[in-house]
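In: Here you go, sequence then predicted model.
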Amino acid sequence: MTHVPAIEVGEVNAHGIVLVTIKRPDRLNALTEMEHDALATIWTQFDERPEVKVVVVTGEGKAFSAGGDLDFVREVTQDDTVRANAWWAARGIVKGVLDCRKPIISALEGVAVGAGNAVALMADICIAAETAKIVDGHLAFGASPGDHAAFLWPLAMGVNRARGKLLLGEALTGSEAADLGLVYEAVPKGKTLSRAMELAERIAGFDQFAVQATKVSTNGILKQNWQTFEAGLALEFMCFTNGSTRNALVEASALKTKSSTN
């Protein structure tokens, strides 16, 4: 096994499939700065490994990823260097998933928030549990949805639906996300990884140049709208300097401390 901070890259199986697992189950796979950085750079290695045909990514335990760890997000609001690095990493996550020549399939169980959504929903195919909870979450912290949602959601579900969901900060179940076109398919709870591996095996059976060319072709519409992502991400990180974001983090930390002591 090759390990990066709280992210495990498994051995390539007989079909050419590699499993990437976010492994902080005691924190619902919330991302520290180290995991956030790693998810920005991990994808390039698969292009350099000809034995890898398909990448499957999931979270360990009850969640895909609860987004940024509160301590990390607090540092983003308070430290210019941490904020600049986080901006590059957030950009790298989306760009890395798009630019990786190998198809990426996500298996989304439980909750996915913020940067967790960026990984799960930017994947070429997302398999979500019917009961999964997909939350953009930015407005609740006084920020705008720049890390992928303002870019991807209008293209996936239409501008009017996306504007409503994001302006209202509404959570989606996996079933609702599938009906809206935000994820490829919703399956019963506990079945996402097996379904993702099944689809990965099918893809691995095709000519690999044709597969990679198909990924490039179908992602072309996203690349054409790249400036929307760049602007949205810049606006999100501008929001991180607001007092309302810092106040929301203080309140969230207080709730977290209270729940852990009860």
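Out: Received the coordinates, thanks. Numbering: from 1, shown residues only.

In: going on from the least confident helix or strand in the chain by mean pLDDT, what's the next piece of helix or strand?
Out: Across the helices and strands of the chain, mean pLDDT, DSSP states H and E gives its lowest value to strand 2-4, namely a mean of 49. Once the chain leaves strand 2-4, the next helix or strand it forms, by DSSP states H and E, is strand 7-9.

In: and that following strand, what other elements does it pack with?
Out: strand 17-22, helix 33-41 (3 or more Cβ pairs under 8 Å, 6 or more residues apart in numbering; DSSP states H and E). Placement of C-beta: from N, CA and C, glycine included.

In: mean confidence for that strand?
Out: Taken as a whole, strand 7-9 has a mean pLDDT of 96.

In: In its sheet, which strands sit next to that strand, and in what direction?
Out: strand 2-4 (antiparallel), strand 17-22 (antiparallel) (DSSP bridges).

In: Put together JSON lines for the helices and strands packed on strand 7-9, with distance to residue 137 on each row.
Out: Shown next, in JSON lines, are those (distance: least, Cβ to Cβ, whole Å):
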{"stretch": "strand 17-22", "distance to residue 137": "17"}
{"stretch": "helix 33-41", "distance to residue 137": "15"}
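
In: So which of those is nearest residue 225?
Out: helix 33-41 (20.2 Å; Cβ to Cβ).

In: Send over the helix or strand that the closest one is followed by as CSV, restricted to the C-alpha atoms.
Out: Going down the chain from helix 33-41, the next helix or strand is helix 44-47, by DSSP H and E. C-alpha atoms of helix 44-47 as CSV (Å, rounded to 0.1, in the frame of the first residue of the first chain):
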residue,chain,number,x,y,z
THR,A,44,-1.5,12.8,-11.5
GLN,A,45,0.1,9.6,-10.2
PHE,A,46,-2.5,7.5,-11.9
ASP,A,47,-1.7,8.8,-15.4
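
In: Tell me how far residue 91 lies from residue 40.
Out: Applying Cβ to Cβ, to the nearest Å, the value for residue 91 to residue 40 is 8 Å.

In: Give the residue from the two that has the larger number of neighbours.
Out: More crowded of residue 91 and residue 40, by other Cβ atoms under 10 Å: residue 40, with 22 against 18.

In: Which residue, other than its chain neighbours, is closest to the more buried one?
Out: Leaving aside its chain neighbours, residue 40 sits nearest to residue 92 (3.0 Å; criterion: Cβ to Cβ, 6 or more residues apart in numbering).

In: wait, the one you found sits on residue 38?
Out: No - counting by Cβ atoms under 8 Å, residue 92 stays clear of residue 38, with 10.0 Å between them.
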